[in-house]
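Novice: structure of the sequence below:
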Amino acid sequence: MKTSASFMEKEFSSFDGYAMVALAVVLKVILAYSVWQLALQVNPDVSFWRVVYMLFLAAAAVFIWVGLYTLQPNEGALVTLFGGYRGTDRSTGLRWCFPLYRRQKISLRSRNLNSDKLKVNDKNGNPIEIGAALVWRVRDTAQAVYEIDDYELYVRVQSEAAIRHLASAYSYDNGGDESETKNIITLRGGADVVAKALANELQERFDKAGISVEEAKLTHLAYAPEIASAMLRRQQAEAVIDARSKIVHGAVTMVEMALKGLSDKNIVHLDDERKAAMVSNLLVVLCAESNVQPIVNTGTLYN
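Specialist: Just a heads-up that it's a prediction; the model follows:
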């Protein structure tokens, strides 16, 4: 949900601090020279205007020094005058502005947030543990400072809310029924889609605070301890069923190939009863979990 912000960042043009330092040094040199000239006089002429002139030089030098400040790369300064926002200075190095301006520095660098493990219910109501990590930075300094009371706390709280909402919108997995749910996105199976959905929801929540999300990924995903053992048994059962299905499918294919080979090459002719017996024996041999002990028939095929 995007809302119109009362404050939007605007550029503030500051002066080159090095030039202002040079000017302050010149004023101090002139002031020192004036004092030195006055000290050399036997009967110094300390008139009112001379005093005003010297005080002006001193005040101007102090005025310049007070207005100096420095900005590091990826750092900004919000400038206000008597409570009114005047703009944000993103220039780097030594800068100068009118001393009555109040300057509030703010970092524009990328920051990491690693959320705690949250216990929530997924779409199917199963309790799960989920955690995420995101990379964010301040995009609009005016919105971050003047629209939100504490934008760092805002990021933490809204991130937790977004993660909880995301977990409730997806199932943990497909429950083993891949035939009907193969196109359904799950938390475990659709990591890229889920990460993109999380980033989009976070960005929607952070827009009001002038914050941009650079990356968001799930860092922890597991069933809650109270159902973890039951879900592990279910997964083991699904794995066994999967394996047995493949074994049976392969055994049936091999039996079919054996019968077809015997028939095509006229090695032996079997009636339906003997074919059924052969199929039964081959399936037992191929599908058995333990090694099968062979029994040698010393009689005829029918005895």
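
Novice: going by C-alpha atoms from here, please, whenever you check contacts or count neighbours.
Specialist: Fine.

Novice: which other residues reach stretch 9-29?
Specialist: With contacts defined as CA atoms under 8 Å, 6 or more residues apart in numbering, stretch 9-29 is touched by 57-58, 60-62, 64-65, 68-69, 79, 86-91, 93-97, 140-143.

Novice: centre of the chain to it, how far?
Specialist: Chain-centre distance of stretch 9-29: 40 Å, with CA atoms, centre = their mean, to the nearest Å.

Novice: repeat for stretch 62-71
Specialist: 39 Å.

Novice: related to what we said a few turns ago, PyMOL command to pick out the buried ones of the contacts of stretch 9-29?
Specialist: Buried residues within these, by 16 or more other CA atoms under 10 Å, are selected in PyMOL with:
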select buried, resi 57+58+60+61+64+65+68+79+86+87+88+89+90+91+94+95+96+97+140+141+142+143
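
Novice: which of the contacts of stretch 9-29 fall within helices?
Specialist: Residues of the contacts of stretch 9-29 located in helices (DSSP state H): L57, A58, A60, A61, V62, I64, W65, T141, A142.

Novice: can you pull the contacts of T92?
Specialist: T92 neighbours (CA under 8 Å, 6+ apart): T70, L71, Q72, P73, E75.

Novice: one step back: turn the ones in helices among the contacts of stretch 9-29 into CSV, including pLDDT and distance to V248.
Specialist: Below are the ones in helices among the contacts of stretch 9-29 laid out as CSV (pLDDT from 0 to 100; distance: CA to CA, whole Å):
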residue, pLDDT, distance to V248
L57, 87, 99
A58, 88, 98
A60, 89, 94
A61, 89, 93
V62, 91, 91
I64, 91, 88
W65, 91, 87
T141, 92, 65
A142, 92, 67
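
Novice: closest one of those to G190?
Specialist: Nearest to G190 among the ones in helices among the contacts of stretch 9-29, counting by CA to CA, is T141 at 34.8 Å.

Novice: what's the spacing between the closest one and A59?
Specialist: If you measure T141 against A59 using CA to CA, to the nearest Å, the figure is 33 Å.

Novice: returning to what we had before: a markdown table for the ones in helices among the contacts of stretch 9-29, including distance to R164?
Specialist: A markdown table is the format used below for the ones in helices among the contacts of stretch 9-29 (distance: CA to CA, whole Å):
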| residue | distance to R164 |
| --- | --- |
| L57 | 63 |
| A58 | 61 |
| A60 | 58 |
| A61 | 57 |
| V62 | 55 |
| I64 | 53 |
| W65 | 51 |
| T141 | 28 |
| A142 | 29 |
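
Novice: and of the residues you listed, the nearest to K246?
Specialist: The closest of the ones in helices among the contacts of stretch 9-29 to K246 turns out to be T141 (CA to CA; 59.6 Å).

Novice: so what's that closest one closest to, chain neighbours aside?
Specialist: In this structure, T141 finds its nearest non-sequential neighbour in E9, 6.1 Å apart by CA to CA, 6 or more residues apart in numbering.

Novice: repeat that for Y223.
Specialist: Distances taken as CA to CA, 6+ apart place I128 nearest to Y223, at 4.2 Å, with adjacent residues excluded.

Novice: could I get the full set of helices for the protein?
Specialist: Residue ranges of the helices in the chain, as given by DSSP H, are 17-40, 48-66, 141-142, 151-169, 178-181, 191-206, 225-264, 272-287.

Novice: by how many degrees do the first one and helix 48-66 diverge?
Specialist: Helix 17-40 and helix 48-66 meet at an angle of 150 degrees, taking axes from the mean of the first three to the mean of the last three CA atoms, to 10 degrees as the criterion.

Novice: with just CA atoms, put helix 17-40 into PDB.
Specialist: Provided in PDB are the C-alpha atoms of helix 17-40 (Å, rounded to 0.1, in the frame of the first residue of the first chain):
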ATOM      1  CA  GLY A  17      34.600  23.800   3.200                       C
ATOM      2  CA  TYR A  18      38.200  24.100   2.100                       C
ATOM      3  CA  ALA A  19      37.600  27.500   0.600                       C
ATOM      4  CA  MET A  20      35.800  28.700   3.800                       C
ATOM      5  CA  VAL A  21      38.700  27.400   5.900                       C
ATOM      6  CA  ALA A  22      41.100  29.500   3.700                       C
ATOM      7  CA  LEU A  23      38.900  32.500   4.200                       C
ATOM      8  CA  ALA A  24      38.800  32.000   8.000                       C
ATOM      9  CA  VAL A  25      42.600  31.800   8.000                       C
ATOM     10  CA  VAL A  26      42.900  35.000   6.100                       C
ATOM     11  CA  LEU A  27      40.600  36.800   8.600                       C
ATOM     12  CA  LYS A  28      42.700  35.500  11.500                       C
ATOM     13  CA  VAL A  29      45.900  36.700   9.800                       C
ATOM     14  CA  ILE A  30      44.400  40.100   9.300                       C
ATOM     15  CA  LEU A  31      43.200  40.200  12.900                       C
ATOM     16  CA  ALA A  32      46.600  39.100  14.200                       C
ATOM     17  CA  TYR A  33      48.300  41.700  12.100                       C
ATOM     18  CA  SER A  34      46.000  44.500  13.400                       C
ATOM     19  CA  VAL A  35      46.700  43.400  17.000                       C
ATOM     20  CA  TRP A  36      50.400  43.400  16.300                       C
ATOM     21  CA  GLN A  37      50.300  46.800  14.700                       C
ATOM     22  CA  LEU A  38      48.400  48.100  17.700                       C
ATOM     23  CA  ALA A  39      50.900  46.600  20.100                       C
ATOM     24  CA  LEU A  40      53.800  48.400  18.400                       C
END
